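Undergrad: Turn this into a model:
(chains A, B, C and D)
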Protein chains: 2
Amino acid sequence: MIKEERQKLIIEKLNRDQKINLLELSQLLNVSYDSIRRDVIELEDKGLLKKVHGGAVANSYLSFKTTQGYGMDNQEVLHLTRKAQKLFENHQTILMDGGTTNFHIAEQFPKNLELTVITNSLPLATVLNDHPKVETILLGGTYHKRYQITIGHEVMRQLDHFRVDLYLMGFNGLHPQTGVTLRHYEESVLKQKMAQSANKVAVCAIAEKLHNIETYKVCDIQEIDILVTSFKPTDVSLQDFRKHGIELL
Amino acid sequence: MIKEERQKLIIEKLNRDQKINLLELSQLLNVSYDSIRRDVIELEDKGLLKKVHGGAVANSYLSFKTTQGYGMDNQEVLHLTRKAQKLFENHQTILMDGGTTNFHIAEQFPKNLELTVITNSLPLATVLNDHPKVETILLGGTYHKRYQITIGHEVMRQLDHFRVDLYLMGFNGLHPQTGVTLRHYEESVLKQKMAQSANKVAVCAIAEKLHNIETYKVCDIQEIDILVTSFKPTDVSLQDFRKHGIELL
DNA sequence: TAAAACTTTGCATAAATTTGCAATGATGAT
DNA sequence: ATCATCATTGCAAATTTATGCAAAGTTTTA
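TA: Below is the predicted model:
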């Protein structure tokens, strides 16, 4: 029995049972425990399974990885992104960074909207494939696999060459006193620079992010020009923001 | 028993059993172990099987279906991209542009390969999400929706900052006299610049592209250092390329 | 046709891979 | 906390692979 044969059997059994036990398997295939163990290590290196204590499990995570977190099952988000469409006019240049909210907004652009979109988000650029009248410019830099955006010095440098009409900023927390906050340091620095490259800065906030505070500060609330929420502009929960002269949508 | 006869029998047995054992086979056919081994090496070079320790397996045997989007149904491409893996060593910096061939090569990087990959292709950057040890740098610029790459002045400018070990160039035509040619003008200019940023330039050519000529010229054949094809390096169809001192793989 | 050049084949040897075993360390369940 | 189970490591044996070499066979060329 050659190695490849064993490994194929392992994968097949794993797909049937979702989990395997190393000892059991070694008896079944009539080889030493060590060989099975080493097979499982190799297969894990190839990303075909996940090794756990006493055995291995199928890694089903691969299947829903591509759409990770980008599903639109949320009514609030849908409503919010619809509302956000009012921000855009033909022939504008818009700067948009990463995050699911911006992704969904771009996804819902009207098909005849003529925009130039500058972004550091790969999913965003990709979703704009379906919008022939949108010209897309991608900011280059170090690629961050988890967020699927580019970051770092090179992105900052490219921002010097642009002055955009509107920057649609993604964020994690928005608070009347603390301002805009983020979980990721590198991004928070980048967003500061982005805000400086734009005539206007807009944010779209689901209720969960309103009045939330995260670790890294991006900017004060005064620097935000437009706030899109799913509340009515007159809602009491927004009164602290109204004070700062922010346009509410 | 002549070589061709043996090899035919090997392939037939392989198609029946999906795997063969070299020792067993040598006894069955009554020839030395070495002859069988050398037959198998030849057959692997032709892409008809995959050699493994102690035997060989059918090509389909190992494909646990990791492919997505850019379907990989072509045996020649599979073989070619496998062969191309020999180009890479740990801790190198590689420049790769767009095209399906480069995509498939990246897709098949060993999971433990430590590389820095610089690219202007969005699908390529995305596929590298699954390779935790590969650092990806994305070149920014105007996004071309059809090819899903960035192009234009800004990409060119960023290239000034890099000097890479190897540039893996995608292309449409490769001809011993005409050189490397392309269908898309903007890209052809970009590729010239890319070639200048690299210590070595490699191309991977399926048979269809060999001796093919397209509209826009990228560079002369002399500027290519390594050519990966599914032919043996000694094959007659490659003799015109050999003359130019190109390393054949 | 004969000589030269090349290919194929089997063998010997050295290098590399795979495998199983035993000792030691780590982990999980009770 | 203890014990049983599992994981890791180093090692040695067995198997397989790579390489050079020489003999035999095949093709090319003059």
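
Undergrad: Now for the nearest residue in space to A:Glu42 that is not next to it in sequence: which residues touch it?
TA: Closest residue to A:Glu42 apart from its sequence neighbours, by Cβ to Cβ, 6 or more residues apart in numbering or on different chains: A:Gln7 at 6.9 Å. In this view, the C-beta of every residue, glycine as well, is placed from N, C-alpha and C. Neighbour list for A:Gln7: A:Asp39, A:Glu42, A:Leu43 [criterion: Cβ atoms under 8 Å, 6 or more residues apart in numbering or on different chains].

Undergrad: Looking at these, spot the one nearest A:Ala125.
TA: A:Leu43 (34.0 Å; Cβ to Cβ).

Undergrad: How much space separates the closest one from DNA strand D?
TA: Going from A:Leu43 to DNA strand D by Cβ to the nearest atom of the strand, to the nearest Å gives 13 Å.

Undergrad: How many residues are close by that residue?
TA: The number of residues packed around A:Leu43, counting by other Cβ atoms under 10 Å in any protein chain shown, is 19.

Undergrad: mind listing what's buried in whichever helix or strand it is part of?
TA: Applying DSSP states H and E as the criterion places A:Leu43 in helix A:33-45. Judged by neighbour count using 16 or more other Cβ atoms under 10 Å in any protein chain shown, the buried positions of helix A:33-45 are A:Ile36, A:Arg37, A:Asp39, A:Val40, A:Leu43.

Undergrad: got the domain boundaries for chain A?
TA: Domain assignment for chain A by automatic domain parsing gives A:3-62, A:75-248.

Undergrad: looking at those domains, which is buried most?
TA: Compared across those, domain A:75-248 shows the largest average neighbour count, a mean of 18 (mean count of other Cβ atoms under 10 Å in any protein chain shown).

Undergrad: Report the mean per-residue pLDDT for that domain.
TA: Taken as a whole, domain A:75-248 has an average pLDDT of 92.

Undergrad: From A:Lys217, how far out is A:Val201?
TA: Per Cβ to Cβ, to the nearest Å, A:Val201 is found 15 Å from A:Lys217.

Undergrad: of all the domains of chain A, which lies closest to DNA strand C?
TA: For DNA strand C, the closest of the domains of chain A is domain A:3-62, at 3.3 Å, according to Cβ to the nearest atom of the strand.

Undergrad: So is the closest one next to DNA strand C?
TA: Yes - Domain A:3-62 reaches DNA strand C (Cβ under 7 Å from any atom of the strand) through A:Lys3, A:Val31, A:Ser32, A:Asp34, A:Ser35, A:Arg38, A:His53.

Undergrad: Considering those, which is situated nearest to B:Asp97?
TA: Looking across the residues of domain A:3-62 next to DNA strand C and measuring by Cβ to Cβ, the closest to B:Asp97 is A:Lys3, at 36.0 Å.

Undergrad: Quick check: that closest one vs B:Phe109, distance?
TA: Taking Cβ to Cβ as the measure, A:Lys3 falls 21 Å from B:Phe109.

Undergrad: Equivalent analysis for A:Phe109, please.
TA: Going from A:Phe109 to B:Phe109 by Cβ to Cβ gives 35 Å.

Undergrad: so where do the helices sit in chain A?
TA: Per DSSP state H, chain A carries helices over the ranges A:3-17, A:22-29, A:33-45, A:75-84, A:100-107, A:122-127, A:153-159, A:185-196, A:239-242.

Undergrad: Taking helix A:33-45 as reference, get the angle to the longest one.
TA: With axes from the mean of the first three to the mean of the last three Cα atoms, to 10 degrees as the basis, helix A:3-17 and helix A:33-45 are set at 70 degrees to each other.

Undergrad: near DNA strand C, which residues of chain A show up?
TA: Residues of chain A lying near DNA strand C (Cβ under 7 Å from any atom of the strand): A:Ile2, A:Lys3, A:Val31, A:Ser32, A:Asp34, A:Ser35, A:Arg38, A:His53.
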